[in-house]
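Colleague: 3D model of this:
(one chain, ligands or ions: 2)
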Amino acid sequence: MFKDSFKYYKSKNPPPDLDKVLDFDNIEKISSRAIDAQASSNSYGLKSVQTWNVYELVEHPGNFLNYECETIGQRYWTVRCLQDYSKKPNKTNLDAFNLVPDDKQWWDVCQNNNNKLLINKLRWVTLGYHHDWDTKIYTEENKGEFPKDLGSLSKYITQVLGFLNFNAEAAIVNYYHMDSTLSGHTDYSEQNLEAPLVSFSFGQTAVFLLGGKTKEEEPTAMFLRSGDIVVMSKESRLCYHGVPKILQIDSRFWDCFEQNDLVNKEFKEIVNICKEEALWKPFGDYLSHSRININVRQVLRRGQKRLCNESEEKT
Ligand SMILES: O=C(O)CCC(=O)C(=O)O
Ligand SMILES: [Fe+2]
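Modeller: Ligands and ions are numbered 1, 2, ... in the order given. Take a look at the predicted model:
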């Protein structure tokens, strides 16, 4: 049962036995998957395709999971998520609380006041089509512009993995702290369920559970580390998944920032923050007690111009 595993890994006392968690460093249980190694050069801090490690779970029949590690642009995406994507008018969980003055932005307020409480209060931001957590419906109403850099990164990755025509139209950025969890769920609200979900992890390590199409199936637990990318597609697209635990790790994953000419030239200022330790410090401090996950989705079917409701769909 999904919920029993969730409870097991969430437990503080007794703590779970992590030896059972699938570690992609140990590739015995998973098979490597062929990719298009001829793909053209990318941008936004990905390592070259030739060095990617891509896996598909064979132990979990019907589930399909690609795994790629080692982005060198981890600092870049961290800065984007904290400083830029969190900005109004993007919708965040903070909107309901009036904690950030109308004319100010969350990250700036946190930096100016060294406000530890406020910094831990941001839990999600939506980009592009806004996903309403209560109704589980995407709305045209609060739609914001989808960031071009994140759109290109997602398109590039999906293309290399053989999913042509992926169009990034919505994303949820999840901000976790050491005691945060995300309960088991499926992501079914997109009108295009053939398109994969692309998920990026930065900062602290997650124990991620990937189950089956019902809550009764036993999930597989795996570590998602900083720089890992999961593409949920085909059979696994509608499988239950969740995050029962965040584990403290050191900063070696994001402390290896290298100058990369391929990083988008439009974002020179961000690259500068990544390179200058003094400018990077507040972002590094945030990651030392947090995990950031960017979950990118295509919402519309190919050729569809806007969201339609059920009755429109039938005509
Ligand atoms: O944090 C993660 O790895 C998963 C997030 C997720 O499942 C979601 O946003 O729907
Ligand atoms: Fe999800």
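Colleague: write out the residues of the stretch 51-200 of the chain neighbouring ligand 1.
Modeller: With Cβ under 6 Å from any ligand atom as the criterion, the stretch 51-200 of the chain comes near ligand 1 at residues I172, N174, L182, D187, S199. For the C-beta atoms, the positions are set from N, CA and C on the backbone; glycine is no exception.
Colleague: for the nearest residue to M232 once chain neighbours are set aside, give me phi and psi.
Modeller: The spatial neighbour of M232 that comes closest, neighbours along the chain excluded (Cβ to Cβ, 6 or more residues apart in numbering), is L197 at 4.4 Å. With angles defined as degrees, to the nearest 10, L197 shows backbone torsions of phi -100, psi 140.
Colleague: mind listing what L197 touches?
Modeller: D187, V230, V231, M232, S233, R237, N295, V296, R297 (Cβ atoms under 8 Å, 6 or more residues apart in numbering).
Colleague: out of those, who's the most crowded?
Modeller: V296 (28 neighbours; other Cβ atoms under 10 Å).
Colleague: that one against A168, yeah?
Modeller: Yes: the pair V296 and A168 qualifies as a contact (Cβ atoms under 8 Å) at a distance of 5.0 Å.
Colleague: which neighbours do these two have in common?
Modeller: With contacts taken as Cβ under 8 Å, 6+ apart, V296 and A168 have L150, S154, V198 as neighbours in common.
Colleague: residues contacting the first one?
Modeller: Neighbouring residues of L150 by Cβ under 8 Å, 6+ apart: R80, L127, A168, A171, I294, V296.
Colleague: format those as JSON lines; extra columns: pLDDT and secondary structure.
Modeller: Supplementary listing: the contacts of L150 in JSON lines, determined by pLDDT from 0 to 100; DSSP: H, G, I helix; E, B strand; the rest coil:
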{"residue": "R80", "pLDDT": "95", "secondary structure": "helix"}
{"residue": "L127", "pLDDT": "96", "secondary structure": "strand"}
{"residue": "A168", "pLDDT": "95", "secondary structure": "coil"}
{"residue": "A171", "pLDDT": "96", "secondary structure": "strand"}
{"residue": "I294", "pLDDT": "97", "secondary structure": "strand"}
{"residue": "V296", "pLDDT": "96", "secondary structure": "strand"}
